[in-house]
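Chemist: Okay, structure incoming, though there's no sequence with it:
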């Protein structure tokens, strides 16, 4: 698998395609995580693969000490700019999720908006989870927001088209070799741009097993950002909270 994420997340088009992801889902998700973990204000939070920092900013607005990292210089520059505009003290750092290490210990580590499963092997995909176990405080939490494999397989939308301003964005999806692959085509005047996304799919049970092997204990699972209980047959998301 090529390193599609390097080109895609650093492109000027990424936030255009996901412009429909407004802050409402992020607000629901951060509120859900904080409600379930019960972390007091001032606790330390690390957002892994934080992108443009929308979850970081929401945590910081609520009085938490927040850090975030991402591989994309473009998204991190946006995150820095927005945090500065809102006068929020958030530490951002560039880093590869497979190898980044922190000396700081955190009360909560989050991995949200399907920022997981990008790589070819289980060792690569779970390397950060293993590393994070070392810099989460005893009694601290790890929250992952991922796809529900069973639901996705049964409800995959193979093709969709949306208008972004005056030009169309076409997304074509297929599940093959245990991955959900997407081709994104932006038909701008005089040029078509194509990007790829590819995520390795894990069942809910596989995620529980892998996290358990590393040393985490399962606490709770939700099936969407509204906080409904996870149901493998009807939940679009697998939002899982683990504890060290």
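Modeler: Sure, I can see it. In this text, all values refer to a predicted model and were calculated from it rather than measured experimentally.
Chemist: So what does residue 194 look like in phi/psi?
Modeler: Dihedral angles of residue 194 (phi, psi; degrees, to the nearest 10) stand at phi -120, psi 140.
Chemist: Okay, residue 205 and residue 79: tell me how far apart.
Modeler: Separation of residue 205 from residue 79 (Cβ to Cβ, to the nearest Å) stands at 34 Å. No exception for glycine: its C-beta is placed from N, CA and C like everyone else's.
Chemist: Pick out whichever of these two has more residues nearby.
Modeler: Remark: of residue 205 and residue 79, residue 79 carries more neighbours, 24 against 10, as counted by other Cβ atoms under 10 Å.
Chemist: mind checking the SS state of that one?
Modeler: State at residue 79, reduced to three classes by DSSP: H, G, I helix; E, B strand; the rest coil: helix.
Chemist: Spit out the contact partners of it.
Modeler: Shown in contact with residue 79 (Cβ atoms under 8 Å, 6 or more residues apart in numbering): 50, 51, 52, 53, 56, 57, 68, 70, 90, 92.
Chemist: Assign a three-state SS to the fifth one, would you?
Modeler: The three-state label for residue 56, taken from three-state DSSP, comes out as helix.
Chemist: residues contacting it?
Modeler: For residue 56, the contacting residues are 47, 50, 66, 67, 68, 79, 83, 90, 92, by Cβ under 8 Å, 6+ apart.
Chemist: And the pLDDT for the nearest residue to residue 80 once chain neighbours are set aside?
Modeler: Among residues not flanking residue 80 along the chain, residue 92 sits closest, at 5.8 Å (Cβ to Cβ, 6 or more residues apart in numbering). Residue 92 carries a pLDDT value of 98.
Chemist: What of residue 14?
Modeler: The confidence metric pLDDT takes the value 69 at residue 14.
Chemist: repeat for residue 21
Modeler: As predicted, residue 21 sits at a pLDDT of 57.
Chemist: and what of the one 3 residues further on?
Modeler: According to the per-residue confidence, residue 24 scores 88 in pLDDT.
Chemist: tell me which element it falls in.
Modeler: helix 23-37 (DSSP states H and E).
Chemist: Which stretches in this protein count as helices?
Modeler: 4-9, 14-17, 23-37, 54-61, 73-85, 122-125, 127-134, 149-155, 204-214 (DSSP state H).
Chemist: pull the helix or strand with minimum mean pLDDT from the protein.
Modeler: Of all helical and strand segments in the chain, the minimum by mean pLDDT, DSSP states H and E falls on helix 14-17, at a mean of 67.
Chemist: got the domain boundaries for the protein?
Modeler: By the assignment in automatic domain parsing, the chain contains the domains 4-147+202-243, 152-197.
Chemist: looking at those, which is buried most?
Modeler: domain 4-147+202-243 (a mean of 18; mean count of other Cβ atoms under 10 Å).
Chemist: starting at the chain centroid, how far to it?
Modeler: Its chain's C-alpha centre lies 5 Å from the corresponding centre of domain 4-147+202-243 when counted by Cα atoms, centre = their mean, to the nearest Å.
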